[in-house]
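[1] What shape does this take:
(chains A and B)
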Amino acid sequence: MREKIKKQLLHNLLLEVSKRYEYIMAQNARIFEETNYKAIHDELTGLYNRFYFIEQLKKSLLSAERHKKYGAVLFIDLDNFKVINDATGHKAGDLLLKMIAKKLKSALREEDVLARFGGDEFVVLVENLGRDENRAVEILRGLADKLLASIGYGHIVDQKVYQVTASIGIALFNDATQDIDDILRYADSAMYEAKRKGKSQTIFFNPLIEERLQRRFVMETSIRQGIDEEEFFLVYQPQVEDGRVVGAEALIRWNNAEKGIIPPGEFIEFAEETRMIIPIGEWALHEACKTLKRWEKDPALKGLKLSINCSAIEFMEPGFDQKVMRILTHYGIGTGRLCFEITESLLMTHHASLTSVMRRLSDFGVKIALDDFGTGYSSLAYLKNFPIDILKIDRSFIEDIFFDRSDQTLVRAIVSVAEDFGMQVVAEGVESPEQEMTIHTIADHIIVQGYLYGKPLPLEAFEAAVKESV
Amino acid sequence: MRCRVFHSLNPSLLQAMEEIHTQFQADRQIDTFDFILIALSCRYPVWDVNETVSQVFETDRFLAFHATDAFNNEEVIHHGVTALFIRFERQGCVECFVQEGVSANKLDALEKTARYLKERDHAFHLIIAGHCHNQTAFFIEKLSQYDIAVDNLLGGVSSGEKISDELLTYQFYKGEVVRDGFVILTFHHVKMATSVALGFEPVGVQYTVTKAKGYRLYQVDDHQPFAYTVEKLKRGIENFKPEYFWYTPIVVLDESNEKFLTLRTFKEQTNDWVEFFGPVKEGQKIRLSYGEKENLLAADTKSATTLAAQVPDPEILFNFSCIARQYVLEEMQKEENRIYRNFLHAPLFGFFTFGEIGHDPSRRSLQFYNETSLLMGMTEL
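    Just a heads-up that it's a prediction; the model follows:
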């Protein structure tokens, strides 16, 4: 009897154990599948991830070489995603990324590999583009247009419609000896070039882009060293009203240890691209404040005002207004002594948040001058919507003002509008007595600036010149 | 130390004691005693035990306790009286510690017991415990946390029957009937060694306990009550009895998931839970196991040889073997003690327990065991 029970019990036990094995095996298989899926997929969008993409690119390079056919990597970066993400929050941003991933997928062929490398960066691998490079480029251009169009439609997230654009960089390959990192870098560089050229477009990689990027890299390193080595300095150009120096515009110069003096036109653009303009601008602000403090102690210079140029990048950096107020407070700079010169491009791009930053600075006693006025859109609405204190008429209107009646008319109109808005006017680029005479015929109380009154000079030379003129 | 074991199956307590007394008087190897350890069936009248023993042996130097099946050398004495007479010949001596109210006043009991053991950490302690409403195992495990020596304490839980809703697993000492506690018998100036025999083979992969409370196991990591698994083990077996599961205790693994911590014997099962004769804890890894008498006896042999290496000439052997083990050994239940005595030529006393109390050398803690045989050999110094 016992033997029968034991036999049955052992039988049941083994049966149960085998079921447990099956359960564990099934569970392990599921975990294995999940792990495998996670290993090659992007968690948010379900697209492939960088790891899988690179593996496929390796295979694709070999295949391209074997069949002598072109393939390509397309780097897609959303142009304004950060703004949308900041404005709507990460949840809506994530939802938008999912929708875009879906749209991109639907615009591609089944065999194309679409991956998300992170953030708003998508990458496509396209194979079998044929043996003719021109034909491959043609196909890719068509594909890129299709992708841009698919992204370009309005996306509805949380009952709001978001308009998204993207920049695409494309790198072709047909050779297994090409380095994967290089191909990805080429596509990435081309994508940056597309952004630099105004966004929402496609750029194919070419060696010039790489060269430019190399230069950019070298420049970025040099700027960084320049800040550390204190190679930057300010020069001061006088601003004159009724024959008397009333202030100066501080202009930045760079005395590079290897290349000597580098003009601002050669490094400001790079500094803005790399955002190195932010530490440069902060340094310039400190220097300007020190100068104003120095002038305060000298009766001959005491009342002078100082303008410095401020990039849109600096202005839009979160906390910029607080930083300025902190620095001015630190040096004890009084109201109306310091002026930021900004360009129209800043007003065009960042309307909403900019107004409050400008108002806070204005309330703190910082003057705002609109530089190069008349050359851009010169929307009169800016004058209404922003707390602008000074209009600086672009030098192109001053150059021929003695001969050209239309320049005279334009300057007269600008001065009239400015006076009505209670703004001061500065005429830049005054180089001859004829220009000066014409300007004063148009307006009595106008501030003039240009070589006629003095070139930009180092601080001590500027101070000496001011004292001499007195 | 001189030790002799006698027994009686006389259903009258008085007559059983008198029979043992007669055997003692007739024995040529021992003529006096310092202490008597008595295992007796719970069917004898509880309230007469102290008085009867005192009257027959004219002493209060005894400890009696309930045991349904006790050991007189190789013999298993079922529902009778089995008595071990001890006479010290050199420096040896014995003292007793009684603790009542374990389930009612656990903290106080723990502190008192720990203090007693700490003050005697060079002695050897034999613990005979009651069932204490399923609290004995927790008490024993908690006691380890009081920084006491753990390798000098060994024993078992008295075995008995349920009468009027009370499980009779009592101890009797100096006129007291200990109903919710234990008695520790402390031997001074002795040398001793212990070893553990298991013999159950784990079968299949492990489960992780996800829900358990006390002695009850509710759920494991396949997200269904463990009772379902147990229920399936009953298939095809007519007139199922819980004892059938004693062939298949669960193995509790230690933290490394490699070593056996202990076995747990099935006691009862409902649709929601399975109750064991010892605690199961959440997070523990368990495996099913299966035991055959041959494997159990092989484990006994190994245990005996291990002990023989440590105490080659013991003067007394104690065996605390689980009642589930008795069930699995069936008609070979005497073999366990026969094996022990073949390797270790000494009188043997002990009983089939409701749980064994020993220590886990790797964890340096006291351990409440199921389905094991704890063997101890002792000589007087």
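
[2] where's residue B:336, which helix or strand?
    Residue B:336 is part of helix B:335-343 when elements are defined by DSSP states H and E.

[3] what sits up against that helix?
    Residues from elsewhere that reach helix B:335-343 (Cβ atoms under 8 Å, 6 or more residues apart in numbering or on different chains): B:71, B:73-74, B:76, B:197, B:293, B:296-297, B:300-301, B:303-305, B:307-308, B:317, B:319, B:321, B:325, B:329, B:348, B:350, B:373, B:375. From N, CA and C alone the C-beta is placed, and that goes for glycine too.

[4] In ChimeraX, select just the buried ones from these.
    In ChimeraX, this line selects whichever of the contacts of helix B:335-343 come out buried by 16 or more other Cβ atoms under 10 Å in any protein chain shown:
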select /B:71,73,74,76,197,293,296,297,300,301,303,304,307,308,317,319,321,325,329,348,350,373,375
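
[5] Mind checking which of the contacts of helix B:335-343 are in strands?
    Per DSSP state E, strands hold the following members of the contacts of helix B:335-343: B:71, B:76, B:197, B:317, B:319, B:321, B:348, B:350, B:373, B:375.

[6] picking up where we left off before, what angle sits between the helix holding residue B:336 and strand B:316-322?
    160 degrees (axes from the mean of the first three to the mean of the last three Cα atoms, to 10 degrees).

[7] Output the ones in strands among the contacts of helix B:335-343 in a markdown table; the columns should cover distance to residue A:252 and pLDDT.
    A markdown table is the format used below for those (distance: Cβ to Cβ, whole Å; pLDDT from 0 to 100):
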| residue | distance to residue A:252 | pLDDT |
| --- | --- | --- |
| B:71 | 101 | 97 |
| B:76 | 103 | 96 |
| B:197 | 89 | 92 |
| B:317 | 98 | 96 |
| B:319 | 96 | 97 |
| B:321 | 94 | 96 |
| B:348 | 101 | 97 |
| B:350 | 97 | 97 |
| B:373 | 92 | 95 |
| B:375 | 92 | 95 |
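
[8] among the residues you listed, which two are most distant?
    Pairwise distances across those peak at 16.4 Å for B:76 and B:197 (criterion: Cβ to Cβ).

[9] how about the nearest residue to residue A:380, chain neighbours excluded?
    Nearest residue to residue A:380, sequence neighbours excluded (Cβ to Cβ, 6 or more residues apart in numbering or on different chains): residue A:417, at 6.8 Å.

[10] Report the buried residues of the helix or strand where that neighbour lies.
    According to DSSP H and E, residue A:417 maps onto helix A:405-420. If you call a residue buried by 16+ other Cβ under 10 Å, then helix A:405-420 has these buried ones: A:407-408, A:410-411, A:414-415, A:417-418.

[11] Stretch B:217-228 now?
    Buried residues in stretch B:217-228, counted by 16+ other Cβ under 10 Å: B:217-220, B:222, B:225-227.

[12] Secondary structure class of whatever residue of the stretch 301-450 of chain A ends up closest to chain B, three-state.
    For the stretch 301-450 of chain A, the nearest residue to chain B under the criterion Cβ to the nearest Cβ is residue A:318, separated by 47.6 Å. Per DSSP: H, G, I helix; E, B strand; the rest coil, the local secondary structure of residue A:318 is coil.

[13] Give me the pLDDT value at it.
    For residue A:318, the pLDDT comes out at 84.

[14] Quick one: neighbours of it, just the number.
    Neighbour count for residue A:318, taken as other Cβ atoms under 10 Å in any protein chain shown: 10.

[15] Provide a list of residues in contact with residue A:440.
    residue A:446.

[16] how about it, phi and psi?
    Taking degrees, to the nearest 10, you get phi -70, psi -20 for the backbone angles of residue A:440.

[17] Could you check how far the residue nearest to residue A:380 is from residue A:379?
    According to Cβ to Cβ, to the nearest Å, residue A:417 stands 12 Å off from residue A:379.

[18] again with residue A:129
    46 Å.

[19] same deal with residue B:294?
    Taken as Cβ to Cβ, the span from residue B:294 to residue A:379 is 100 Å.

[20] And residue B:339, by the same measure?
    From residue B:339 to residue A:379 the distance is 105 Å (Cβ to Cβ).

[21] Compare the two (neighbour count), which wins?
    More crowded of residue B:339 and residue A:379, by other Cβ under 10 Å: residue B:339, with 23 against 12.

[22] For the more buried one, which non-adjacent residue is closest in space?
    residue B:300 is the one closest to residue B:339 (Cβ to Cβ, 6+ apart), at 4.9 Å.

[23] Any buried residues in stretch A:169-180, and which?
    A:169-174, A:178, A:180.

[24] Show the end-to-end separation of it, please.
    Distance between the boundary residues of stretch A:169-180 (Cα to Cα, to the nearest Å) amounts to 16 Å.
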